[in-house]
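Novice: Here is my input, please return the structure:
(chains A and B)
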2 protein chains.
Amino acid sequence: MRLVLVAGATEVAAVEGISAAGAHPALMRHTPSADAEILTYGAPVAAPDGTTHPTPVSPEGCPTPAVMTRAAREVLGFDATVVDAGLAAPTGAPVVPLGAEPGRDVRAPEAVPDADGIFDRARRLGRSLPGPLVLAETIPGGTTTALGTLTALGYDAGVSSSLPENPLELKREVVASGLDASGLEPGDAADDPLLAVRAMGDPVLAGVAGLAVGALDSGTEVVLGGGTQMLAAAAVCRAFADGPLELATTSFVADSTPDLRGACAALDLDPTITDPGFTDEHVATRHYLAGVGKEGVGMGGALALAAERGALPAVRDRIRIVYDRLLAGAGADAGEDAPAPGATDAGTDDGR
Amino acid sequence: MRLVLVAGATEVAAVEGISAAGAHPALMRHTPSADAEILTYGAPVAAPDGTTHPTPVSPEGCPTPAVMTRAAREVLGFDATVVDAGLAAPTGAPVVPLGAEPGRDVRAPEAVPDADGIFDRARRLGRSLPGPLVLAETIPGGTTTALGTLTALGYDAGVSSSLPENPLELKREVVASGLDASGLEPGDAADDPLLAVRAMGDPVLAGVAGLAVGALDSGTEVVLGGGTQMLAAAAVCRAFADGPLELATTSFVADSTPDLRGACAALDLDPTITDPGFTDEHVATRHYLAGVGKEGVGMGGALALAAERGALPAVRDRIRIVYDRLLAGAGADAGEDAPAPGATDAGTDDGR
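Specialist: Purely as a prediction, here's the structure:
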């Protein structure tokens, strides 16, 4: 399994109170770049230009879901590839660039002027990558652009939030202003999904949708590993491809999104919802029980694989180790080797 | 262990007869981009812009050493990170960009105008990457720029070749013209190693040297996984850092380089030379016995790890699988998962 993290930014994240994907709005531009480093190396590293990113936490101190996905990766082993779909800050993680700029505020006439180009380039990459693929996202503000895209496409959908109290009214106001600025009514882009992304979406959404369509083009198994942002990607994807698509998300998203299963059914998505069995014993998981974070960086996809392998207890233990490593500010202990993906007959015997 | 592949290009590769790192000179610009994809995915993939690279072979059909390194990775499992130090063609592999352009012909006044900047950025990255690190290179024409750099630094060194008959006279002519164009005599850059790289080197050499110095700065264990190009990198490195440095290369390089051990001693390099035990039963290994290829893409570093783990027989078997996959033009079978590096107590029990 290869987790493909599509990482980017949107100016929507700067709207006060709209996202918890950073301790405060000014720090959110760092979040996707740091998430890419945590997934790749186990901790943030310095980019070649010297840029260093703080470990992303919510205003209350809830750690980024990259911690959970990295923990699952350290237990289960899976390849991880980061795609740059409009990062706002340099990263020390290796990335496949999609030639995307950070997304503009959806209240501008065009949020993603090059949505078509990003989608096409992602589609080419998706056709070519060896699978199975789990697509993941990191983009603060991304549920608002998802809501905007779904609304432009004519879906009457709810979206999730990284905040315990979903600021849905604020998101709806931003989306209404955005539709206005784009000269669109809800549903006006139903026949032109890339118009919806261009007017109301973000570059990560264009990238995820393109990768999914490309994978389906070439018969590669593909899972959307995420929450309501992945519903918007699926809605775009469904205009191009009708192959099998799975949505793998967390119970935190499912429990806080009215009729997630109905939305999946409408998009012909097979839902897998995983309860990681978090307790309030550790700060890293306590916040998730309180409704912060919920999903992101492929957490739902990684947990689904962990549940399938009976490895949730090991992942829960590992989360503490990754969290403590991040707090200590030390690099990952990457001193131990492990068979790389593709090693189909490497003689290991560890139940994989 | 993390293999860091520093990938880039130099115009020197276009000199007729100087390199076998491509079926013909026009194809050599593809080699580093394809090597990065083979190391990452197990086979070339399409870049987002649609660029596809042929599998690199020598004019006689000898496959790129990326095949051997990937085979070792599939057996042993180690992380791999690609650093873009002046790629001439887009790649579908994720890369950490060093902001480098392809190197110019050393017969121009400056081969790498931004050698200092590339070195500094690589050093910052090297300080930060979790180790232990094995540094690797892919750059057609790179032994000529290594010879040029060593000569400018005052070393009377021989260099290896990807060709069975090392065109050393041709390389010396190119280097002599290059020194002339730069207004340098042999040894003139002895006190300014980055001047040697700027005048006579290539961007990959600047990147490898910077990463090595950065790793030594922060006490990270670092191995130079390669042949005579790594001697040039070590010579630059030694002007900045005197920590422990190992050179891990193949018996093919050692057997064809006069006094490799002497050169290592002069640079305080601990040499590890691995004979992979190739036979002439398979085309992928027969060419290496005949003196083609020899080293590259970290082959010596990967084989050293394989030998240490008693895994050379498994790697030899795996080479056929990787080679056949490349010939078939199919993507890697990445369907099997494996514990990722960093999983120090993941409960696996496979002798790692």
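Novice: bridging residues for the spatially most central residue of chain A?
Specialist: In chain A, the residue lying closest to the centroid (Cα atoms, centre = their mean) is residue A:137, at 2.0 Å. Beta-bridge partners recorded for residue A:137 (DSSP bridges): residue A:6.
Novice: For it, give me its contacts.
Specialist: By Cβ atoms under 8 Å, 6 or more residues apart in numbering or on different chains, the contact list for residue A:137 reads A:5-7, A:204-205, A:208, A:226, A:229-230, A:233, A:296-298. All C-beta atoms are positioned from the backbone trio N, CA, C, and that covers glycine.
Novice: mind listing the helices for the stretch 1-150 of chain A?
Specialist: For the stretch 1-150 of chain A, the helices defined by DSSP state H, counting those that start in this stretch cover A:31-41, A:66-76, A:115-128, A:142-153.
Novice: Which other helices and strands does the longest one contact?
Specialist: For helix A:115-128, the elements it packs on are helix A:193-200, helix A:203-217, judged by 3 or more Cβ pairs under 8 Å, 6 or more residues apart in numbering or on different chains; DSSP states H and E.
Novice: Run through who's touching it.
Specialist: For helix A:115-128, using Cβ under 8 Å, 6+ apart, the contacting residues are A:6, A:83, A:85-86, A:96, A:98-100, A:112, A:133, A:194, A:197-198, A:201, A:203, A:206-215, A:217-218, A:220, A:222, A:236, B:45-50, B:52, B:92, B:331.
Novice: Just the buried ones from those residues, in ChimeraX syntax?
Specialist: Applying 16 or more other Cβ atoms under 10 Å in any protein chain shown to the contacts of helix A:115-128, the buried members can be selected in ChimeraX as follows:
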select /A:6,83,85,86,96,98,100,112,133,194,197,198,201,203,206,207,208,209,210,211,212,213,214,215,217,220,222,236 /B:45,46,47,48,49,52,92,331
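Novice: Between the contacts of residue A:137, which sits nearest chain B?
Specialist: Ranked by distance to chain B (Cβ to the nearest Cβ), the contacts of residue A:137 are led by residue A:5 at 9.9 Å.
Novice: quick one, the helix or strand where residue A:324 lies and helix A:31-41 angle?
Specialist: Per DSSP states H and E: residue A:324 is located in helix A:312-328. For helix A:312-328 against helix A:31-41, the angle by axes from the mean of the first three to the mean of the last three Cα atoms, to 10 degrees is 120 degrees.
Novice: Can you show me the CA trace of helix A:312-328 as CSV?
Specialist: Extracted in CSV, the C-alpha atoms of helix A:312-328 (Å, rounded to 0.1, in the frame of the first residue of the first chain):
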residue,chain,number,x,y,z
LEU,A,312,-4.7,-0.9,16.5
PRO,A,313,-3.3,-1.6,20.0
ALA,A,314,0.3,-1.4,18.6
VAL,A,315,-0.6,1.8,16.8
ARG,A,316,-2.0,3.3,20.0
ASP,A,317,1.2,2.5,21.8
ARG,A,318,3.2,3.9,18.9
ILE,A,319,1.3,7.2,19.0
ARG,A,320,2.8,8.0,22.4
ILE,A,321,6.3,7.4,21.0
VAL,A,322,5.9,9.6,18.0
TYR,A,323,4.3,12.3,20.1
ASP,A,324,7.1,12.2,22.7
ARG,A,325,9.7,12.4,19.9
LEU,A,326,8.0,15.5,18.4
LEU,A,327,7.8,17.1,21.8
ALA,A,328,11.5,16.4,22.4
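Novice: And for it, what's in contact with it?
Specialist: For helix A:312-328, the external contacting residues (Cβ under 8 Å, 6+ apart) are A:38, A:42-44, A:55, A:63, A:67-68, A:70-72, A:74-76, A:274, A:276-278, A:282-285, A:302-303, A:306, A:332-333, B:346-347.
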